[in-house]
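1. Provided below for reference: sequence and predicted model.
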Amino acid sequence: MKKLALVTWMVLLCACVPKVEAPALQAEGSLAMSLPEMAAALNAGDVSSATLVAGYVKRIDAIDRAGPELRAVLSVNPLAMQEARNMDRLREEGRLLGPLHGIPILLKDNIESKDPMATTAGSLALKDNVTGRDAPLVDGLRKAGAIILGKTNMSEWANFRSESSMSGWSGLGGQVKNPHMLDRNPCGSSSGSAVAVAASLVAGAVGTETNGSIICPATVNGIVGFKPTLGLISQQFIVPISPTQDTAGPMTKTVAGAAIMLDAMDDAETNYLSGLSVDALRGKRLGVVRFAVGDDRSLWPLFEAALLTLQTAGAELVDIEKSYPLPDNFQGLAFTVLLHEFKASLNDYLANLAPRLPHRSLADLIAFNRDTERELVLFDQSIFERAVVTESLTALAYTDAREKTYVATRNEGIDRYLTEYEVDFLIAPSGIPAPRADPVNGDVWPPFVGIGWMAAIAGYPHATVPMGTVSRLPVGLSVIGRAGDDAAVLAAAYAYEQASGLRVEPDYLPAAEGLVHIESGLARWKSLPEM
């Protein structure tokens, strides 16, 4: 009789849960593969690059521009299919360019490529910014055989236009949606890159980070994100915010995929892929940053389970209960640095664009936004207005703030924790479950967790790996190391990933309300007596 009760309850659940066409939204076959799996399939002749490009374009049309309208992809490269056919021809001739040969890759739309696509930072002001040049990291990807499939939507101006902005929204692309739960914040500013990978619109994408813009969207969309050491990847021909914090980095389904991309993007001789090992944590001492775990109790059991996995993989855990003090007004100092560097670096970038582009300075952009209704319809340009009145980079306010924030996050921050606790890496949750996207109030996040801000300001390597889900919303585990420890951080992240295996495919749920019906219905069914 309990089987009959189960059937009855399933009927009730179907009646009260909003219908979601999830199975039709899930990627299948080669499009669902991780980047290493895709490379293996191409090498085995199981799929062609032309088939991959055609499949991705069809999927972008079906679920990014229609269906749930994820809005992760801002533009598709009109030369992608031509490139794919060329890569297939070279493969038939036995002339492989590298480990990414024939694999489509998406670029965040603040990264220049020589393809006939604008580099816009999401702004209508740069909709005609077709530069005809590759950023060095893009040149590296091409030399490794990658096909540039297109550009991803992003938080406009990398979330550095307004203090009340909304992550994942741009004037050109609209609002990016989190594929796990469509009304949830995708985080930013590399929103489109993260969502595109999570939703299998591509196997690998490039994001950029100034403070959290790779790690946060990777975390809340349930993928791997890696922020390298500052300077490891050239920032030339990327729309800037802060030369002392900006870096590009890979965003993929797996750590191995991130390593393959980093091998191409970094022009040094380090082979990140060959350094990955399931035994990379054996004998390592990990500093567990207890003071940054936060008050969100839904995270605690997932984090404790992650720590147990790390121990099982051979690591020794060392609790770090107390944080070292920060300078007075630390956040104000850090913001001062960004405001000064943004004005100087953006003015330089705009001044060196093609003469036909009318906007040559930050002041020009402010005037353009005031005259363009769509740009200011949801939030203002308060950061632009604060930045435009800053002094030069020789001003004492800037140099003093830069020195204090460096010391606080490097000498008295990550380096001190690693040295005094005699640990190899710092471990913490990467973030919290995504809150709802809020176009009225902008980003409204509960108190954040982790020390990603410290790695960002210091310019140190930081990887996030899926750690599980809270109410079907992904969260991640952070691994942070010293400057230059990129290969070791990736290896540690890989060992955890292989031992945990917690990445999940998106559900494309409209909202969390349906979960209430599911959970309460199952709980009541389990309480039914045997009959």
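-> That came in fine, so what should we check first?
2. strand partners (parallel or antiparallel) of the strand or helix carrying Ser478?
-> Secondary structure from DSSP states H and E places Ser478 in strand 473-480. Looking at strand 473-480 with DSSP bridges, its partner strands are strand 425-429 (antiparallel), strand 462-470 (antiparallel).
3. how about a markdown table for these, with distance to Ala259 added?
-> The C-beta positions use only the backbone N, C-alpha and C, and glycine is treated the same way. Shown next, in a markdown table, are those (distance: least, C-beta to C-beta, whole Å):
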| stretch | distance to Ala259 |
| --- | --- |
| strand 425-429 | 17 |
| strand 462-470 | 10 |
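4. re earlier: now whichever helix or strand comes after the strand holding Ser478: average pLDDT?
-> Moving toward the C-terminus from strand 473-480, the next helix or strand (DSSP H and E) is helix 486-500. Regarding helix 486-500, the rounded mean pLDDT is 98.
5. show me how far helix 486-500 is from its chain's centre.
-> With C-alpha atoms, centre = their mean, to the nearest Å as the basis, helix 486-500 stands 17 Å off its chain's centre.
6. kindly report the same for stretch 458-466.
-> 11 Å.
7. which strands or helices does the longest helix belonging to the chain pack on?
-> In the chain, taking DSSP state H as the definition, the longest helix is helix 330-351. Contacts defined by 3 or more C-beta pairs under 8 Å, 6 or more residues apart in numbering; DSSP states H and E place helix 330-351 against helix 362-370, helix 382-387, helix 396-409.
8. export the first one as PDB, just CAs?
-> Same thing as helix 362-370. C-alpha atoms of helix 362-370 as PDB (Å, rounded to 0.1, in the frame of the first residue of the first chain):
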ATOM      1  CA  LEU A 362      35.900  59.000 -18.700                       C
ATOM      2  CA  ALA A 363      34.300  62.400 -18.800                       C
ATOM      3  CA  ASP A 364      33.100  61.600 -22.300                       C
ATOM      4  CA  LEU A 365      31.500  58.400 -21.100                       C
ATOM      5  CA  ILE A 366      29.700  60.200 -18.200                       C
ATOM      6  CA  ALA A 367      28.200  62.700 -20.800                       C
ATOM      7  CA  PHE A 368      27.200  59.800 -23.100                       C
ATOM      8  CA  ASN A 369      25.400  58.000 -20.300                       C
ATOM      9  CA  ARG A 370      23.500  61.100 -19.300                       C
END
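9. for Ala54, which of the strands paired with strand 473-480 is the nearest?
-> Distance to Ala54, taken as C-beta to C-beta, is lowest for strand 462-470 among those, at 29.1 Å.
10. quick one: that closest one to chain centroid distance?
-> Mean-position distance between strand 462-470 and its chain equals 12 Å (C-alpha atoms, centre = their mean).
11. average pLDDT across that strand?
-> pLDDT averaged over strand 462-470 gives 98.
12. in the stretch 51-200 of the chain, which spans are helices?
-> With helices called from DSSP state H, counting those that start in this stretch, the stretch 51-200 of the chain shows them at 80-92, 136-143, 191-198.
13. how about the stretch 201-350 of the chain?
-> Using DSSP H, counting those that start in this stretch, helices in the stretch 201-350 of the chain cover 215-220, 255-265, 300-312, 330-351.
14. would TSV of those with mean pLDDT and mean neighbour count be doable?
-> Formatted as TSV, those follow (pLDDT from 0 to 100; neighbours: other C-beta atoms under 10 Å):
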stretch	mean pLDDT	mean neighbour count
helix 215-220	98	33
helix 255-265	98	26
helix 300-312	98	16
helix 330-351	98	19
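15. reformat the ones you listed as TSV; add distance to Ala456.
-> Below are these laid out as TSV (distance: least, C-beta to C-beta, whole Å):
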stretch	distance to Ala456
helix 215-220	8
helix 255-265	17
helix 300-312	21
helix 330-351	9
